[in-house]
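**Student:** Quick one, structure for this:
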Amino acid sequence: MSQRTIKFKATNKIPANLNLSLAQTQSDIYLPNAFSPNGDNINDFFMPIFNCDAVTFFNLQIFDRWGNILFESQNKDKGWNGKYQDVNLNPGVYPFVIEYELHGAGKKVKAGEITLVR
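**Tutor:** Okay, here's the model as predicted:
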């Protein structure tokens, strides 16, 4: 938490101090928006990055544009390699849903889209 003091003059010419407390929060999960599974070992897999090791439940699903599941994993350390049935998929945008639970917190759901770049 950071704190900053701001001084200002009121319209009645009496100086005053205002103390603001600003809190910077950090998300418990980072979700990339693109990946490039080309075998160079850089961004070859789409997977979330967690800020802690307290993940007690995890489920990742990747879909095609018609809602068919292309990939599913219950292992937070196993990401999607851009393939379906061992065949490279075309570049494009793919919807995903991630369900996860951190120790002591309720289940959370994140949905979005990942861009596959070749």
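
**Student:** Relative to Asn51, how far out is the residue nearest the centre of the chain?
**Tutor:** Central residue of the chain (CA atoms, centre = their mean): Leu31, 2.5 Å from the mean position. According to CB to CB, to the nearest Å, Leu31 stands 12 Å off from Asn51. Yep, even glycine has a C-beta here, placed from its N, CA and C like the rest.

**Student:** ok, back up a step: from Ile49, how far off is the residue nearest to the centre of the chain?
**Tutor:** Distance from Leu31 to Ile49, by CB to CB: 8 Å.

**Student:** One more: Gly67?
**Tutor:** Gly67 is 26 Å from Ile49, by CB to CB.

**Student:** Which one's more surrounded, the two?
**Tutor:** Ile49 (10 against 7; other CB atoms under 10 Å).

**Student:** Pull the contacting residues for the nearest residue to the more buried one once chain neighbours are set aside.
**Tutor:** Among residues not flanking Ile49 along the chain, Tyr30 sits closest, at 4.3 Å (CB to CB, 6 or more residues apart in numbering). By CB atoms under 8 Å, 6 or more residues apart in numbering, the contact list for Tyr30 reads 48-51.

**Student:** As a markdown table, the residues you listed with pLDDT, secondary structure and distance to Gly82 would be great.
**Tutor:** Output for those, formatted as a markdown table (pLDDT from 0 to 100; DSSP: H, G, I helix; E, B strand; the rest coil; distance: CB to CB, whole Å):
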| residue | pLDDT | secondary structure | distance to Gly82 |
| --- | --- | --- | --- |
| Pro48 | 95 | coil | 16 |
| Ile49 | 94 | strand | 18 |
| Phe50 | 93 | strand | 21 |
| Asn51 | 88 | coil | 25 |
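
**Student:** List just the nearest of those to Ile98.
**Tutor:** Distances from Ile98 to the contacts of Tyr30, taken as CB to CB, are shortest for Pro48 (5.9 Å).
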